[in-house]
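Chemist: Below are the sequence and a predicted model; questions follow.
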Amino acid sequence: MLRFSTAGESHGEALIALLSGLPAGVPVDQEFLSHELWRRQQGYGRGGRMRIERDAAHILSGVRHGKTIGSPIAMQIANRDWKNWEEILPVETGDAEKHKPVTSPRPGHADLAGALKYDFPDARYILERASARESSARVAGGALAKMLLRELGVEVLSHVIRVGQAELDRPYVWQDLVDLSKKETILLNCIDPEAEQRMKGEVDKVLRTGDTVGGIFEVVTHGLPPGIGTHTNWDERLDGLLAQAVMSLQAVKAVEIGRGVTAAESIGSAVHDAIAYAETEDAEKHTRFSREKNNAGGIEGGISNGEDVTVRGYLKPISTLRRPLASVSFATREVTKAAYERSDVCVVPAAGVAAEAMVAVAIARLVLEKFGGDSLRELKRNFDGYREQIRKF
Ligand SMILES: Cc1cc2nc3c(=O)[nH]c(=O)nc-3n(C[C@H](O)[C@H](O)[C@H](O)COP(=O)(O)O)c2cc1C
Ligand SMILES: C=C(O[C@@H]1CC(C(=O)O)=C[C@@H](OP(=O)(O)O)[C@H]1O)C(=O)O
């Protein structure tokens, strides 16, 4: 079984990603891993911290001569900012004041709920782990899951479709996303330059006013055969598992599969994707059944149907505001302004990259459950046998 977890705090020494259950023999592409980490650090509207960090994953175990060996893979990503906090974070001296306590909780962050739950008079104990710094470790794990999926012809990419009031007004085609992923600079990770400029305008507005902005990203899984996930049990449905994986990301507050949101206000004939059939020898096609549209987002009955799997994540605006909202001091109980040190103001592109990682892990887990195999060779044999079966259906 593919298992994935992370450890580490935002300003601690390092983050750890631990991935176990990948079969042996998967080629590990270090350059790809670094590029994925780089992609997550980009985007217009990121704060001062991103000028400090240069994320790189050091593989500690589970890989030999460039291939997985079937044992757990541990990866470490150093926090370059750690050296600025080394003196501040340890609390052995007992002098809390020296350790920059956060005593006016930020509305929207984990500060208040976490301090109440874990019984700390200082929200720094909470924010260190609540921070989306952790999403860097998710991207490292997701990169390994993507390396596995790539061997089966499955790719996962994302793009931004909304920042604040600015929206992309055309659907993607897969090649758009491939081109976007190869760009050497990332502004807002939008496939349309004109829409991207409007999105930049939304970020500029909040930069001026000391506010923040949210938006929507879309993660697309391309090349997945029909039959991943199942209708038979509630906790094994592909749509439910993807929703959980994406919703688990910091600041994601809603998840949409396909055109799930607008489907609710439409009629059935306008929503459902009519089925066609054509005899074809095209090896790229999983089946002879096809759809002209994909409002279902590639999932019906909790099972992939062979179309692109599309999952959108809706991001709330970042909660740390340069012009803070009202809060209450833990120390004095008086009304005060919420804490502000520094912050991102827009993270939609970065969240999209982190969501790709979560989608890749969730799908890789289901693929491994369905096809099994301790080595990549065994997995591929099982996978190819199934593909052959559904192509003939
Ligand atoms: C890539 C990324 C970067 C983020 N950066 C910040 C930030 O700089 N400041 C902030 O207040 N929140 C930031 N967040 C969001 C918080 O981590 C998140 O709102 C907080 O942990 C509370 O969790 P919740 O929003 O899921 O309820 C970021 C989120 C992501 C995905
Ligand atoms: C460090 C990252 O994101 C951080 C996520 C984050 C938060 O509160 O979630 C707060 C900021 O950190 P700091 O308080 O150090 O400025 C972001 O920079 C990262 O994405 O790598």
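Modeler: Okay, I see it. Ligands and ions are numbered 1, 2, ... in the order given.
Chemist: ok, the residue nearest to L379 when sequence neighbours are not counted - how many residues close by?
Modeler: Distance criterion C-beta to C-beta, 6 or more residues apart in numbering; nearest residue to L379, sequence neighbours excluded, is G373 at 3.4 Å. Heads up, the C-betas are built off the backbone N, CA and C, glycines and all. If you count neighbours by other C-beta atoms under 10 Å, G373 ends up with 17.
Chemist: Read off the pLDDT value for the closest residue to F371 other than its chain neighbours.
Modeler: Nearest in space to F371, with sequence neighbours left out and distances taken as C-beta to C-beta, 6+ apart, is N382 at 4.2 Å. Looking at N382, its pLDDT reads 98.
Chemist: averaged over its residues, what pLDDT does the host helix or strand of V219 have?
Modeler: In this structure, V219 is located in strand 215-222 according to DSSP states H and E. Taken as a whole, strand 215-222 has a mean pLDDT of 99.
Chemist: Please apply the same query to stretch 198-210.
Modeler: Averaged over stretch 198-210, pLDDT sits at 98.
Chemist: repeat for stretch 351-358
Modeler: The average of the pLDDT scores along stretch 351-358 is 99.
Chemist: Run the contact check for that stretch versus ligand 2.
Modeler: No: Stretch 351-358 does not reach ligand 2 (C-beta under 6 Å from any ligand atom); its nearest approach is 8.4 Å.
Chemist: if we look at that stretch, which residues are touching it?
Modeler: Stretch 351-358 is contacted by residues 36, 39-40, 132, 135, 138-143, 145-146, 156-160, 189, 217-219, 245-246, 248-252, 311, 313, 315 when judged by C-beta atoms under 8 Å, 6 or more residues apart in numbering.
Chemist: After the helix or strand hosting K253, which helix or strand is next? Please name it.
Modeler: Assigned by DSSP H and E, K253 belongs to strand 252-257. Under the assignment DSSP H and E, the closest C-terminal helix or strand after strand 252-257 is helix 260-263.
Chemist: That next one: which residues count as buried?
Modeler: Buried residues in helix 260-263, counted by 16 or more other C-beta atoms under 10 Å: 260, 263.
Chemist: following that helix, which helix or strand shows up next?
Modeler: As assigned by DSSP H and E, the chain's next helix or strand after helix 260-263 is helix 268-271.
Chemist: tell me, which helix in this protein spans the most residues?
Modeler: Ranked by number of residues, the top helix in the chain under DSSP state H is helix 348-371.
Chemist: which of the residues in that helix are buried?
Modeler: 348-368, 371.
Chemist: Get me the contact residues on the stretch 51-200 of the chain for ligand 1.
Modeler: Residues of the stretch 51-200 of the chain lying near ligand 1 by C-beta under 6 Å from any ligand atom: 109-110, 130-132, 135.
Chemist: Ligand 2 next: which of those are close?
Modeler: When contact is defined as C-beta under 6 Å from any ligand atom, those meet ligand 2 at 131-132, 135.
Chemist: now that we have these, which one has the most neighbours?
Modeler: Neighbour max across these (other C-beta under 10 Å) = S135, 24 neighbours.
Chemist: quick one: that one is in a strand?
Modeler: No: applying DSSP: H, G, I helix; E, B strand; the rest coil, one finds S135 to be helix, outside a strand.
Chemist: Next one: the nearest residue to it once chain neighbours are set aside from G141, what distance?
Modeler: Nearest non-adjacent residue to S135, counting by C-beta to C-beta, 6+ apart: A354, 3.9 Å away. Distance of A354 to G141, computed by C-beta to C-beta, to the nearest Å: 11 Å.
Chemist: likewise R3?
Modeler: Distance from R3 to G141, by C-beta to C-beta: 10 Å.
Chemist: of these two, who's got more company?
Modeler: Higher neighbour count among R3 and G141: G141, with 25 against 12, using other C-beta under 10 Å.
Chemist: which non-adjacent residue is nearest whichever residue of the stretch 51-200 of the chain sits closest to ligand 1?
Modeler: Ranked by C-beta to the nearest ligand atom, the top residue of the stretch 51-200 of the chain for proximity to ligand 1 is A132, at 3.2 Å. The shortest distance from A132 to any non-neighbouring residue, by C-beta to C-beta, 6+ apart, is to Q250 (3.9 Å).
Chemist: residue contacts, that neighbour?
Modeler: Applying C-beta under 8 Å, 6+ apart to Q250 gives the contacts 130-132, 134-135, 351.
Chemist: Can you add distance to Y44 and give these back as TSV?
Modeler: Below are the contacts of Q250 laid out as TSV (distance: C-beta to C-beta, whole Å):
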residue	distance to Y44
A130	24
S131	20
A132	17
E134	22
S135	18
A351	14
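Chemist: Next, the buried residues of the helix or strand containing the residue nearest to F371.
Modeler: According to DSSP H and E, N382 maps onto helix 376-392. Neighbour counts over helix 376-392 (16+ other C-beta under 10 Å) mark 376, 379-380, 383, 386-387, 391 as buried.
Chemist: can you give me the strands in the stretch 201-350 of the chain?
Modeler: For the stretch 201-350 of the chain, the strands defined by DSSP state E, counting those that start in this stretch cover 215-222, 252-257, 275-277, 289-291, 299-300, 303-304, 309-315, 326-328, 335-337.
Chemist: would you list the ones you listed in a markdown table and tack on distance to G12 and mean neighbour count?
Modeler: Converted to a markdown table, the strands of the stretch 201-350 of the chain look like this (distance: least, C-beta to C-beta, whole Å; neighbours: other C-beta atoms under 10 Å):
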| stretch | distance to G12 | mean neighbour count |
| --- | --- | --- |
| strand 215-222 | 28 | 25 |
| strand 252-257 | 24 | 18 |
| strand 275-277 | 52 | 10 |
| strand 289-291 | 48 | 16 |
| strand 299-300 | 38 | 21 |
| strand 303-304 | 38 | 22 |
| strand 309-315 | 25 | 26 |
| strand 326-328 | 25 | 14 |
| strand 335-337 | 27 | 13 |
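Chemist: export those strands to CSV and tack on distance to D204?
Modeler: Output for those, formatted as CSV (distance: least, C-beta to C-beta, whole Å):
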stretch, distance to D204
strand 215-222, 14
strand 252-257, 24
strand 275-277, 45
strand 289-291, 40
strand 299-300, 37
strand 303-304, 40
strand 309-315, 18
strand 326-328, 26
strand 335-337, 24
